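A.B. asks: only the shape, not the letters, is given here:
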């Protein structure tokens, strides 16, 4: 058993030294990978990627180590009307049992604030994040809330000269 493991370790070392694939650091070797588009999602994958996941960001770039960038492709055009266009946000599935997905397609950058209210207008929860105008998928677990009708208020506080945006969306939670 030990000899077999040592053999495969030696073969792995030799292959990594003689491979012509992408090498990011001595500890990471991407043998293959690719990108695929399905409706409004973009999927990227690679083999040989490290398993550590860490995201670093600045005003102009987001880098994720360990998992390639999740997100959408073809973000919408810039809209300065003050409200979200129908092609800038998708909320699904609706109705939902537990996990709500909010897909952002806007090209405008800024801080996104999402507030969740029940049908009577009672505040239930909030989330916020910096949005870089490149598409983003946010998942929100609403399993802890009872069945009923809710409203998701989404606002964009822009960076730069863009106009602030807001919109409210009806969400139905079922058991």
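C.D. replies: Yep, it's here. These numbers were taken from a predicted model, which means no experiment stands behind them.
A.B. asks: could you pull out the strands for the chain?
C.D. replies: In the chain, the strands defined using DSSP state E lie at 22-25, 28-30, 32-38, 41-47, 54-57, 62-65, 71-72, 89-92, 99-104, 110-118, 123-131, 136-141, 148-158, 165-173.
A.B. asks: domain parsing for the chain?
C.D. replies: Structural domains assigned to the chain are 2-72, 89-173, following automatic domain parsing.
A.B. asks: of these, which shows the lowest average pLDDT?
C.D. replies: For the domains of the chain, mean pLDDT drops lowest on domain 2-72, to a mean of 57.
A.B. asks: got the contact list for residue 88?
C.D. replies: 76, 79, 104-106 (Cβ atoms under 8 Å, 6 or more residues apart in numbering). Glycine gets a C-beta too; all of them are placed from N, C-alpha and C.
A.B. asks: what two of those are the furthest from one another?
C.D. replies: 79 and 104 (12.5 Å; Cβ to Cβ).
A.B. asks: who has more neighbours, these two?
C.D. replies: residue 104 (25 against 17; other Cβ atoms under 10 Å).
A.B. asks: surely the more buried one meets residue 112?
C.D. replies: Yes: if you go by Cβ atoms under 8 Å, residue 104 and residue 112 touch, sitting 7.2 Å apart.
A.B. asks: now the end-to-end length of stretch 106-125.
C.D. replies: Chord length of stretch 106-125, first to last residue, is 23 Å (Cα to Cα, to the nearest Å).
A.B. asks: list of residues touching it?
C.D. replies: With contact meaning Cβ under 8 Å, 6+ apart, stretch 106-125 is reached by 75-79, 84, 88-89, 102, 104, 126-133, 138, 140, 142, 145, 148-160, 162, 164-165, 171.
A.B. asks: swap in 6 Å and give it another go.
C.D. replies: Contact with stretch 106-125 is made by 75-76, 78, 88, 126-133, 149-159, 162, as judged by Cβ atoms under 6 Å, 6 or more residues apart in numbering.
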